[in-house]
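Participant: Predicted structure and sequence below. I'll ask about it afterward.
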Amino acid sequence: MVPSCADFASAVVLDGYDDLLSTAGLTNHLAVTQVEHDVTAIRSLSVPPVASAGIPTAKLYLDGRLAQSFGCPVSHQWFPDRHLRSVTIDGLEISTITFCPVDAPAVAVRITVRNLAAAPRQVRFGLWVDSTATDSGAPWLACPPPASPNRLEVAGGRRIGRPVAGNPAVCLQGLLDADGREVTDLSGRQHLIECTLDLAASGSWQGGYVMVLTSGEQALATAERWYASITADLDGQLAAVRRYWDEALAAMFTPGNDQFGGSLPVLETSNEALRTLYWWGALGVLYFRRDNPASVLGRTYDTLMPANWQTTTFIWDYSLSSLVHALLDPGVMERQIAHWVNLDIDHHFGTEWLTGGPVGYWYSVNQYALTRLVADYVRFSGDTGFLDRTIPDVTGRPVTIGDHVRAWAWSWQDKRRGSYLADYGEIDNLLECVSTYVHEVASLNAANVWVMRTAAELSRLQGRDEDADALEQAAAELLPRVLELYHPGSGHFVARFPDGTRVPTTHCYDYATVGTTIAADLSGEVRAEMVRFFDTELRTDNWMSALSPHDVDAGYSLRPDHQWNGAYPAWPPDSARATIALGRPDIVAAWLPGLARSANQGPPGQAHFIEEAVPGIDGGARKAPNYEPYITDWACSSAGAFCELVIDAIFGLRVGVDGRVTAQGHLAEFDPQAVLRGVPIRGELWDIDAQGARPARAG
């Protein structure tokens with residue numbers, strides 16, 4: 001019931017020159033990298049504060065020719081600890097295993113070349129290398145990590161890259177022979193390391209490639225030490241990284257483990273799709289843990305990888321995995337919340353951990369997201385004193401966390417522009433690629449009702465009953481105004497513009513947010529219409545459209561995280577939670593096997609395509625790639641929303657801010673015998689099943 005690396009084996013994918021494959025990422029929680037379409041190449045190795053950005057390196061040359069130019073498809077398969085690639089070219093089978101050695105600022109590739117012929121053969125084998133290593137000495141405030149031109153120094157079978165600008169970064173790359181030493185380089189050119197392989201009939205050669213990134217006064221000496229330790233036993237390093245990941249996965253589900261401040265419950269079920277999605281969500285959070293000594297915040301959880309926004313944690317995305325953070329690493333969550341509270345959340349979308357400073361422009365979801373984080377932290381940790389902790393506001397005035405929550409709850413009133421509802425700004429403040437989803441949207445105005453109700457509950461814990469009464473009254477007054485945005489009979493809502501124009505918008509964020517915040521306040525007719533709209537216009541066999549293809553804005557963009565051709569990874573589980581809240585768990589139960597088929601390419605991507613737009617992979621929705629016009633990364637930390645679907649919606653676990661624990665789920669539609677064992681709630685472990693919730697010690 002506890003997963004290992006083998007349980008996350010991806011589909012085996014054949015990749016041509018460029019088949020819309022989002023090539024996989026790898027991490028050791030310090031370094032992050034990405035494999036290339038080529039059988040040996042990697043890109044985007046970053047070990048903050050050092051980055052190599054998106055430049056490919058270690059591209060394969062055979063007999064003086066770029067291997068990709070032969071047009072032979074490359075086989076790819078991902079595991080949490082490694083990535084396997086293979087290709088057959090001109091009678092040679094080249095296979096590689098790419099991994100990030102434990103604790104190392106590096107990536108390594110174990111290379112095997114096999115002669116398929118019955119006669120001996122000599123082959124010129126080379127790797128084309130490049131470097132853009134840089135340590136900018138500044139926070140990483142842009143989508144791609146920093147990069148700068150490098151000079152490459154030839155050093156036998158190694159290449160040493162240093163920035164032309166003179167900053168202290170070093171990139172050390174080398175091609176290894178079978179015995180772990182550098183090959184005898186025949187090229188002598190900056191960008192090509194080349195050697196001769198003498199292959200027996202049906203024989204093979206095994207070597208490797210290692211890339212190390214370091215910085216500082218002794219950067220080269222440090223790189224040399226890491227390089228020597230890795231190359232001394234490449235196979236031992238490979239075995240160690242498998243143990244490392246299996247231990248991390250086991251620790252996630254083990255109470256009292258030594259890797260996290262908490263743990264996730266163990267799911268016992270015969271429903272394979274349910275188990276697959278639960279594990280997928282857990283892995284998708286674990287893959288973003290960063291234990292980097294350069295972080296001023298200590299341990300953090302990044303939002304995207306491996307190409308974009310490294311070192312940045314977005315408030316919105318973190319909140320979408322809120323329940324996982326509260327259960328798994330509550331101390332880190334508490335520290336992250338406190339850090340955000342100390343900044344002006346009306347002027348950024350997150351923070352980066354090299355300096356702790358703000359990043360980007362305002363995301364309109366921030367107040368809702370932070371309220372959700374505070375509530376989940378308090379509910380599961382029982383740390384009600386957190387609400388009384390004093391943290392200065394942006395003016396330096398000492399304010400308690402509870403006061404901050406109340407300020408967030410009332411902040412919607414400051415965002416009104418001539419109407420009763422809050423105006424949430426322009427396209428970049430909301431979904432970035434849906435031009436009509438702006439201004440007064442149903443999602444965040446419905447969320448305001450939930451935020452005020454939640455702030456009222458938290459206020460009562462602090463003995464602030466008058467504040468709680470005022471918030472509850474305001475929520476009751478706001479609710480009917482939100483429902484004015486409903487488009488009768490359609491199942492969807494409108495966005496109201498400052499001039500009063502009502503623009504129909506069929507985005508799933510309205511569906512998911514309204515359904516998870518105020519479902520009980522809707523009439524039976526509206527609930528039924530909403531579900532019908534979702535089931536006929538958004539849901540697909542194995543994924544969903546974020547925006548209905550019938551929407552007038554479907555022609556605006558091809559970015560699949562929020563448009564018609566795909567969806568962001570939290571939208572399917574959040575839409576499923578909404579569907580259950582709206583009264584149709586049967587639809588979710590029928591959908592689960594298709595969603596589980598999409599868990600076949602590593603952690604959830606920033607976007608997956610619907611198959612009507614792009615053919616899937618082994619029955620699963622294909623991850624979207626990073627380049628234009630899609631610009632979505634290989635993985636996104638909001639994967640934890642799948643765990644919340646299981647725990648919150650399917651098992652029906654409810655933990656009040658006062659600590660009351662209940663569970664009334666919908667297991668009859670999924671697996672009546674399923675059990676969640678060991679849910680950590682306020683220092684106790686609870687078991688949840690179809691009969692409800694009980695302390696684990698009660699059996």
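Facilitator: Thanks, I have it.
Participant: neighbours of the nearest residue to residue 435 once chain neighbours are set aside, just the number please.
Facilitator: Excluding its sequence neighbours, the residue lying closest to residue 435 (C-beta to C-beta, 6 or more residues apart in numbering) is residue 556, at 5.0 Å. (Each C-beta comes from the backbone N, C-alpha and C, glycine too.) Neighbour count for residue 556, taken as other C-beta atoms under 10 Å: 16.
Participant: Quick one: residues contacting residue 556.
Facilitator: 433-436, 563 (C-beta atoms under 8 Å, 6 or more residues apart in numbering).
Participant: Likewise for residue 435?
Facilitator: Taking C-beta under 8 Å, 6+ apart as the test, what residue 435 contacts is 427, 553, 556-557.
Participant: same thing but at 10 Å, please
Facilitator: 426-427, 503, 552-553, 555-557 (C-beta atoms under 10 Å, 6 or more residues apart in numbering).
Participant: Mind putting these into JSON lines with distance to residue 252 and secondary structure?
Facilitator: Formatted as JSON lines, the contacts of residue 435 follow (distance: C-beta to C-beta, whole Å; DSSP: H, G, I helix; E, B strand; the rest coil):
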{"residue": "426", "distance to residue 252": "39", "secondary structure": "coil"}
{"residue": "427", "distance to residue 252": "37", "secondary structure": "helix"}
{"residue": "503", "distance to residue 252": "44", "secondary structure": "strand"}
{"residue": "552", "distance to residue 252": "44", "secondary structure": "helix"}
{"residue": "553", "distance to residue 252": "39", "secondary structure": "helix"}
{"residue": "555", "distance to residue 252": "43", "secondary structure": "helix"}
{"residue": "556", "distance to residue 252": "40", "secondary structure": "coil"}
{"residue": "557", "distance to residue 252": "36", "secondary structure": "coil"}
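Participant: Between all of these, which two are separated the most?
Facilitator: Taking C-beta to C-beta, the two most distant members of those are 426 and 555; they sit 19.1 Å apart.
Participant: For the chain, identify the residue most remote from the centre.
Facilitator: residue 119 (48.4 Å; C-alpha atoms, centre = their mean).
Participant: Give me the nearest residue to that one, chain neighbours excluded.
Facilitator: residue 201 (5.3 Å).
Participant: Could you look up the SS state of that neighbour?
Facilitator: Secondary structure state of residue 201, per DSSP: H, G, I helix; E, B strand; the rest coil, is coil.
Participant: Count the residues that sit near it.
Facilitator: By other C-beta under 10 Å, neighbour count at residue 201 equals 11.
Participant: for residue 20, same thing?
Facilitator: 16.
Participant: mind listing the helices for the stretch 551-699 of the chain?
Facilitator: Taking DSSP state H, counting those that start in this stretch, the helices of the stretch 551-699 of the chain run over residues 571-581, 585-597, 641-644.
Participant: Which of these sits closest to residue 256?
Facilitator: helix 641-644 (19.9 Å).
Participant: avg pLDDT for that closest one?
Facilitator: Mean per-residue pLDDT for helix 641-644: 98.
Participant: Also stretch 505-517?
Facilitator: On average, stretch 505-517 scores 98.
Participant: My understanding was that residue 572 contacts residue 608; is that so?
Facilitator: Yes. Here residue 572 reaches residue 608: they are 8.6 Å apart, a contact under C-beta atoms under 10 Å.
Participant: Now do the shared contacts for those two.
Facilitator: Joint contacts of residue 572 and residue 608 (C-beta under 10 Å, 6+ apart) are 542-544, 595, 598, 621.
Participant: Poorly predicted segments of this structure, please.
Facilitator: 698-699 (pLDDT under 70).
Participant: for it, what's the longest strand?
Facilitator: Criterion DSSP state E: the longest strand present in the chain is strand 204-215.
Participant: What strands line up against it, and which way round?
Facilitator: Neighbouring strands of strand 204-215 in its sheet, by DSSP bridges, are strand 106-115 (antiparallel), strand 169-176 (antiparallel).
Participant: export those strands to CSV and tack on mean neighbour count?
Facilitator: Formatted as CSV, the strands paired with strand 204-215 follow (neighbours: other C-beta atoms under 10 Å):
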stretch, mean neighbour count
strand 106-115, 23
strand 169-176, 26
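Participant: Out of the ones you listed, which is closest to residue 353?
Facilitator: The nearest among the strands paired with strand 204-215, by C-beta to C-beta, is strand 169-176 at 18.6 Å.
Participant: where exactly do the helices run in the stretch 101-250 of the chain?
Facilitator: Going by DSSP H, counting those that start in this stretch, the stretch 101-250 of the chain shows helices at 219-231, 234-252.
Participant: Pull out the buried residues from whichever helix or strand comes after the last one.
Facilitator: Proceeding N to C from helix 234-252, the next assigned helix or strand is strand 266-268, under DSSP states H and E. If you call a residue buried by 16 or more other C-beta atoms under 10 Å, then strand 266-268 has these buried ones: 266-267.
Participant: which other helices and strands contact strand 266-268?
Facilitator: Secondary-structure packing of strand 266-268 (3 or more C-beta pairs under 10 Å, 6 or more residues apart in numbering; DSSP states H and E): helix 272-286, strand 675-681, strand 684-689.
Participant: Give me the helices and strands touching the longest one, please.
Facilitator: With contacts defined as 3+ C-beta pairs under 10 Å, 6+ apart, helix 272-286 has these neighbours: helix 234-252, strand 266-268, helix 322-328, helix 571-581, helix 585-597, strand 635-636, helix 641-644.
Participant: As a markdown table, the ones you listed with distance to residue 448 would be great.
Facilitator: Converted to a markdown table, those look like this (distance: least, C-beta to C-beta, whole Å):
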| stretch | distance to residue 448 |
| --- | --- |
| helix 234-252 | 34 |
| strand 266-268 | 34 |
| helix 322-328 | 18 |
| helix 571-581 | 17 |
| helix 585-597 | 26 |
| strand 635-636 | 26 |
| helix 641-644 | 21 |
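Participant: Any idea which of those gets closest to residue 140?
Facilitator: strand 635-636 (17.5 Å).
Participant: sorry, back to before: nearest to residue 440, of the helices and strands packed on helix 272-286?
Facilitator: helix 571-581 (20.2 Å).
Participant: what's the angle between the closest one and helix 585-597?
Facilitator: 160 degrees (axes from the mean of the first three to the mean of the last three C-alpha atoms, to 10 degrees).
Participant: chain center to helix 571-581, what's the gap?
Facilitator: With C-alpha atoms, centre = their mean, to the nearest Å as the basis, helix 571-581 stands 18 Å off its chain's centre.
Participant: try stretch 36-56
Facilitator: Counting by C-alpha atoms, centre = their mean, stretch 36-56 comes out at 18 Å from the chain centroid.
Participant: Quick check: end-to-end length of that stretch?
Facilitator: 7 Å (C-alpha to C-alpha, to the nearest Å).
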